[in-house]
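Enquirer: curious how this folds, go ahead:
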Amino acid sequence: MKQYLFTFILTAAVTFMLTWAVWRLSMKFKLYPGIRERDVHKTPKPRLGGVAMLIGIASAILVSAANPFFERMWVPPQTLWSILGATLLIAAVGVIDDLWDLDWMIKLAAQFLAAGIITAGGGLQVLSLPVGDMILVSPWLSISITMVAIVVVMNAVNFIDGLDGLVAGVCLIANGIFFVYSYILTRDSGATSYFNLATFLAAVLIGACAGFLPFNWSPAKIFMGDSGALVLGLLMATSAIAVTTQGDVNAFDPEKFGRSQLVGAFIPIVLPLVIVSLPLLDFGLAVFRRMRAGKSPFAPDRKHLHHRMLDLGHRDRGAVLVFYAWTAVISLGVLLMYIGTRQDWPGGYIAGIVFGAIGTVACVVVTLTPPGRRPRGARGAAVAPEQPSSPAHPSTLEPR
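Expert: Sure, this is the predicted structure:
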């Protein structure tokens, strides 16, 4: 645990210092886009925070190579080198897009290339699923599913990047819970390089988000941009794939064990999906909504979940806190269910269900009854439709 704590502190410290430096340099050399008609912020805000996060993440990965504790994580070395290479590629594409706007086809191709580097080059693939003895025998099928999963998560995380502190905070909470889960799984299952990799990447992501969030909290001084959101999505998907493909997902036989223990066989797949459930939900709704209207799934609109929260009457900070609450409730509920499958806390399974049920009800109430809620249409009479104070930029593949 001390080594992971060191990794977190190192990543957070480097990210924090470099975020301040990038912000100052961006303001000095005017490395920021102009104010657009739909923007609410009245002063220019740079979108290069992802550069600081990238350097913080890369620093932690490179330092781990000299740490004996993470030695097994570097065997074989191409796994981490592939992850680092894919991260650099997607961050570079994000920076170019933030500064000059890239065609969506170029960005999509770069995302699949980054996913291919991790799957084919790094050897991280979805090899099996916890449904009986279902195994993805075909290497090409395995690679294809893994690449699509990585690209979807990347864009899903980027889709919710529309309010100050939203992505950084949601990813901080999600990866914090995933860290606890993967650490417990490592301890109970026996340490392997990939289990260590998943826990290590979670610690790195926590540090990057914690170091960046002070500058991104409302009112934000700097935005992470596509370079930050895409990198977070890429590494979250990678850590999830690492932990789900290396465990014994068929370890629980439904004929020999109870239902609560059987749940433990599915949670290694379920929990990584749960921690990105809100981004995935927003992504799925956006694609469905646009295609049903006969538009491109990448056509920009103002109907993302965070936009709907603002339309309900939530202020920027209130909407962000509600997203935090949803992420924590859903993820913690599933984590408690997993802990309940272990013999030292048999009541955890029920505790997870109860916590999740109560938390969900509370979140629904808070979501639907924002403080100071005004009647529909009351805003438009006095002011223009409210926009998020953060970049409110379209998702990665949406033309601007």
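
Enquirer: list the buried residues in stretch 322-335.
Expert: By neighbour count on 16 or more other Cβ atoms under 10 Å, the buried set for stretch 322-335 is 322-335. Backbone N, C-alpha and C define where each C-beta goes, glycine included.

Enquirer: any idea which of those residues is closest to residue 231?
Expert: Among these, residue 327 lies closest to residue 231 (Cβ to Cβ), at 18.8 Å.

Enquirer: correct me, but that closest one touches residue 279?
Expert: No: look at residue 327 against residue 279 with Cβ atoms under 8 Å: they stay out of range, at 9.5 Å.

Enquirer: overlap in contacts of those two?
Expert: Common contact partners of residue 327 and residue 279 (Cβ atoms under 8 Å, 6 or more residues apart in numbering): residue 170.

Enquirer: one step back: out of the buried residues of stretch 322-335, name the ones that lie in helices.
Expert: Assigned to helices by DSSP state H, the following of the buried residues of stretch 322-335 qualify: 322-335.

Enquirer: by pLDDT, give me the weakest of the buried residues of stretch 322-335.
Expert: Minimum pLDDT across the buried residues of stretch 322-335 is recorded for residue 334, with 83.

Enquirer: and residue 228, what does it touch?
Expert: Listed by Cβ under 8 Å, 6+ apart, the contact set of residue 228 reads 49-50, 53-54, 94, 167, 212.

Enquirer: so how far is residue 84 from it?
Expert: Distance, residue 228 to residue 84, using Cβ to Cβ, to the nearest Å: 16 Å.

Enquirer: and for residue 325?
Expert: Going from residue 325 to residue 84 by Cβ to Cβ gives 34 Å.

Enquirer: over to residue 49?
Expert: Taking Cβ to Cβ, one finds residue 49 at 19 Å from residue 84.

Enquirer: distance from the chain centre to stretch 324-334, please.
Expert: 14 Å (Cα atoms, centre = their mean, to the nearest Å).

Enquirer: next one: stretch 220-230
Expert: Its chain's average C-alpha position is 13 Å from that of stretch 220-230, according to Cα atoms, centre = their mean.

Enquirer: pull out the buried residues from the contacts of residue 228.
Expert: Buried members of the contacts of residue 228, scored by 16+ other Cβ under 10 Å, are 49-50, 53-54, 94, 167, 212.

Enquirer: inside helices: which ones of the residues you listed?
Expert: Here DSSP H is the test, and those give 49-50, 53-54, 94, 167, 212 as lying in helices.

Enquirer: that older thread, would you turn the contacts of residue 228 into a markdown table with pLDDT?
Expert: A markdown table is the format used below for those (pLDDT from 0 to 100):
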| residue | pLDDT |
| --- | --- |
| 49 | 96 |
| 50 | 96 |
| 53 | 98 |
| 54 | 97 |
| 94 | 94 |
| 167 | 94 |
| 212 | 98 |
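
Enquirer: what residue ranges in the protein score low on pLDDT?
Expert: For the chain, applying pLDDT under 70 flags the ranges 34-42, 127-138, 189-195, 244-272, 296-302, 342-348, 372-400.

Enquirer: tell me where it has helices.
Expert: Under DSSP H, the chain gives helices at 2-28, 49-64, 78-100, 104-116, 139-159, 166-189, 193-216, 225-246, 259-274, 277-292, 305-312, 316-340, 348-368.

Enquirer: and of those, who's closest to residue 123?
Expert: Across those, residue 123 has its closest neighbour in helix 78-100 (5.9 Å, Cβ to Cβ).

Enquirer: list the contacts of the residue nearest to residue 158 when sequence neighbours are not counted.
Expert: In space, residue 158 comes closest to residue 229 once its chain neighbours are excluded; the distance is 4.0 Å by Cβ to Cβ, 6 or more residues apart in numbering. Applying Cβ under 8 Å, 6+ apart, we find residue 229 in contact with 50, 94, 157-158, 161, 167, 396.

Enquirer: may I see those residues organised as JSON lines, with distance to residue 353 added?
Expert: Shown next, in JSON lines, are these (distance: Cβ to Cβ, whole Å):
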{"residue": "50", "distance to residue 353": "38"}
{"residue": "94", "distance to residue 353": "39"}
{"residue": "157", "distance to residue 353": "28"}
{"residue": "158", "distance to residue 353": "32"}
{"residue": "161", "distance to residue 353": "32"}
{"residue": "167", "distance to residue 353": "29"}
{"residue": "396", "distance to residue 353": "36"}
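
Enquirer: of those residues, closest to residue 188?
Expert: Distance ranking of these against residue 188, using Cβ to Cβ, places residue 157 first at 28.7 Å.

Enquirer: correct me if wrong: the closest one contacts residue 171.
Expert: Yes: when contacts are counted by Cβ under 8 Å, residue 157 is listed as touching residue 171 (7.0 Å).

Enquirer: common neighbours of these two, please.
Expert: 232, 236.

Enquirer: what's the distance between the residue nearest to residue 158 and residue 319?
Expert: 17 Å.

Enquirer: check residue 65 too.
Expert: Using Cβ to Cβ, residue 65 is found at 41 Å from residue 319.

Enquirer: same check, this time on residue 173
Expert: Remark: distance between residue 173 and residue 319 (Cβ to Cβ) = 15 Å.
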